[in-house]
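# Have a look; sequence and predicted model below, questions after that.
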Amino acid sequence: MDTIKPANRLNSVEEYYFAKKLKEVAEMNAAGLNVISLGVGSPDLPPSEETTKVLNEYASKPDTHGYQPHVGIPEFRKAIAGWYKRTYNVTLDPAKEVQPLIGSKEGILHISMAFLNPGDGVLVPNPGYPTYSSVSKLVGANIINYDLDENRNWQPDFDALEKMDLSNVKLMWINYPNMPTGANATPELFEKIVAFGKKHNIVIAHDNPYSLILNKKPLSIFQVEGAKDVCIELNSMSKSHNMPGWRIGMLASNAQFIQWIMKVLTNIESGIFKPMQYAAIAALNNSPEWHEENNIKIYAGRRQYAEAIMNQLGCTFDKNQSGMFLWGKIPAHYKGSEQLADKMLYEAKVFLTPGFIFGDKGERYIRISLCCNEKMLKEALERIKEAP
């Protein structure tokens, strides 16, 4: 066994932080410590009743269990296009400009493999979703971080970007409403990003899973005229439709980009379970009332407790954040975010996410997930108050 070695690419990445930390939390819970987890953004509420009803209905049929076309059933693609029209007033051709995915996180890999050769440059936000960096490393790309700063409302500094050597950059990751910071985009920001991509022949990949949560004005980068020429947008049913474990999402782009991505996807996946596609159609057609209750009202109630926790910890935060997290700047007397997070874990039995995992620009911040009911959030607040 000593002579067997893994692929060199594994030397460039580490096990996902949450995978490691949640093992520790599980061990603490097994020891009876009853940790309250405010870490992962996994919605704790179920999908709509119609969604699960349709899943059960189609799963009971004898002819729905075989392999499915990689492109998805036509009804699902049409439902995605219809949802984009209703939600963002964006028109997509369901036959050519939409691709269902087994999860938008998986789509990050598909896009990276379709566009990045070893050594190609990829612009990755700092702070940002760690998977952008880890997948880029796995495909052998050259990561070029661009900094996001709270003084610019966590938007790219285009003057700084223009001063970089962009000659070998093929792809740029953006994510608004931003995770982890909760900052919203503006139409003007998207216009600048599209123009930047066109100027430098850079594919812009916009990861957009949080646009409906605590957000009255959802945006898509495709609202910018001509954005399809250089942009890909990922979207997910995990967050806004309470379907994280279902692993179902989508991407949209121009027909050529979709074809290239499909070359990767068809060699990795075997299609989405047909009953899940029909259930996803039902979810995409949830009523405005379901959306208002599940993505606005419930999270607004939880957000009040998260803000109280931030205040108790002495953290400062922007009340205009959207999405299912609250991002706060830690007090100066802590060495870093991990020190505060570990203190709360071991002394209050409350798991918070340290901002350093999103890049060094997140070192002075922590993140609280709203995927926990108000009773547990209230209990977390009381534990933190009583901690030494």
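Received it, and whenever you're ready, just let me know what you need.

# Below-threshold pLDDT in the stretch 1-150 of the chain: ranges please.
For the stretch 1-150 of the chain, the stretches with pLDDT under 70 are 1.

# go with 50
The stretch 1-150 of the chain contains no residues with pLDDT under 50.

# Contact partners for T353?
Contacts for T353 were tallied using Cβ atoms under 8 Å, 6 or more residues apart in numbering; they are L38, G39, V40, P180, A341, I366, R367, I368, S369. All C-beta spots, glycine's among them, are computed from the backbone N, C-alpha and C.

# at 10 Å instead, please
Each residue near T353 by Cβ atoms under 10 Å, 6 or more residues apart in numbering is listed here: 17-18, 21, 37-41, 180, 325, 327, 337, 341, 362, 365-369.

# List buried residues within these.
Burial by neighbour count, judged by 16 or more other Cβ atoms under 10 Å, picks out 18, 21, 37-39, 41, 180, 325, 327, 337, 341, 362, 365-369 from these.

# buried stuff in stretch 58-66?
Going by neighbour count (16+ other Cβ under 10 Å), the buried part of stretch 58-66 is Y58, T64.

# I would like the residues contacting it, please.
Contact partners of stretch 58-66, identified using Cβ under 10 Å, 6+ apart, comprise E57, G271, F273, K274, P275, M276, Q277, Y278, A279.

# cutoff 8 Å now
With Cβ under 8 Å, 6+ apart as the test, stretch 58-66 has contacts from F273, K274, P275, Y278, A279.

# got a list of what the closest residue in space to the last one that isn't next to it in sequence touches?
Of all residues not flanking A279 in the chain, L55 sits nearest, at 3.8 Å (Cβ to Cβ, 6 or more residues apart in numbering). Under the criterion of Cβ under 8 Å, 6+ apart, the contact partners of L55 comprise P275, M276, Y278, A279.

# Go through those and name the one nearest L345.
Distance to L345 across the contacts of L55 (Cβ to Cβ) is lowest for M276, with 35.4 Å.

# I'd say that closest one and G245 touch.
No. The pair M276 / G245 is not scored as a contact, 11.0 Å apart, by Cβ atoms under 8 Å.

# These two - which one has more neighbours?
M276 (25 against 10; other Cβ atoms under 10 Å).

# which pair in the contacts of L55 spans the largest distance?
M276 and Y278 (7.4 Å).

# can you pull out the helices in the stretch 1-150 of the chain?
17-30, 49-59, 74-88, 104-115, 130-138 (DSSP state H, counting those that start in this stretch).

# now those helices in TSV, with distance to A306?
Shown next, in TSV, are those (distance: least, Cβ to Cβ, whole Å):
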stretch	distance to A306
helix 17-30	18
helix 49-59	27
helix 74-88	26
helix 104-115	24
helix 130-138	22
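
# Of all the ones you listed, which one is nearest N295?
N295 sits nearest to helix 74-88 of all the helices of the stretch 1-150 of the chain, at 11.5 Å, using Cβ to Cβ.

# which residue is nearest the centroid of the chain?
For the chain, P209 is the residue whose C-alpha lies nearest the centre (Cα atoms, centre = their mean; 5.4 Å).

# Please report how far that one lies from K105.
9 Å (Cβ to Cβ, to the nearest Å).

# tell me the domain boundaries of the protein?
8-46+289-386, 67-284 (automatic domain parsing).

# Quickly compare the ones you listed and say which is most buried.
Among the domains of the chain, domain 67-284 has the highest mean neighbour count (mean count of other Cβ atoms under 10 Å), at a mean of 20.

# Report the mean confidence score over stretch 205-224.
Per-region confidence: stretch 205-224 scores 97 on mean pLDDT.

# related to what we said a few turns ago, and the contacts of T353, which of them are in strands?
Secondary structure from DSSP state E places S37, F325, W327, Y365, I366, R367, I368, S369 of the contacts of T353 in strands.

# Turn these into a markdown table, including distance to F190.
Formatted as a markdown table, the ones in strands among the contacts of T353 follow (distance: Cβ to Cβ, whole Å):
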| residue | distance to F190 |
| --- | --- |
| S37 | 34 |
| F325 | 22 |
| W327 | 21 |
| Y365 | 25 |
| I366 | 28 |
| R367 | 24 |
| I368 | 28 |
| S369 | 27 |
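
# Could you let me know which of these ends up closest to S134?
Ranked by distance to S134 (Cβ to Cβ), these are led by R367 at 18.2 Å.

# which stretches of this protein form strands?
Taking DSSP E, the strands of the chain run over residues 36-37, 98-101, 121-126, 142-149, 155-156, 169-174, 203-207, 231-236, 249-252, 325-329, 350-351, 353-354, 365-369.

# Distance to A30 for the ones you listed - can I get that in JSON lines?
Converted to JSON lines, the strands of the chain look like this (distance: least, Cβ to Cβ, whole Å):
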{"stretch": "strand 36-37", "distance to A30": "14"}
{"stretch": "strand 98-101", "distance to A30": "34"}
{"stretch": "strand 121-126", "distance to A30": "36"}
{"stretch": "strand 142-149", "distance to A30": "37"}
{"stretch": "strand 155-156", "distance to A30": "43"}
{"stretch": "strand 169-174", "distance to A30": "37"}
{"stretch": "strand 203-207", "distance to A30": "34"}
{"stretch": "strand 231-236", "distance to A30": "31"}
{"stretch": "strand 249-252", "distance to A30": "32"}
{"stretch": "strand 325-329", "distance to A30": "27"}
{"stretch": "strand 350-351", "distance to A30": "15"}
{"stretch": "strand 353-354", "distance to A30": "21"}
{"stretch": "strand 365-369", "distance to A30": "22"}
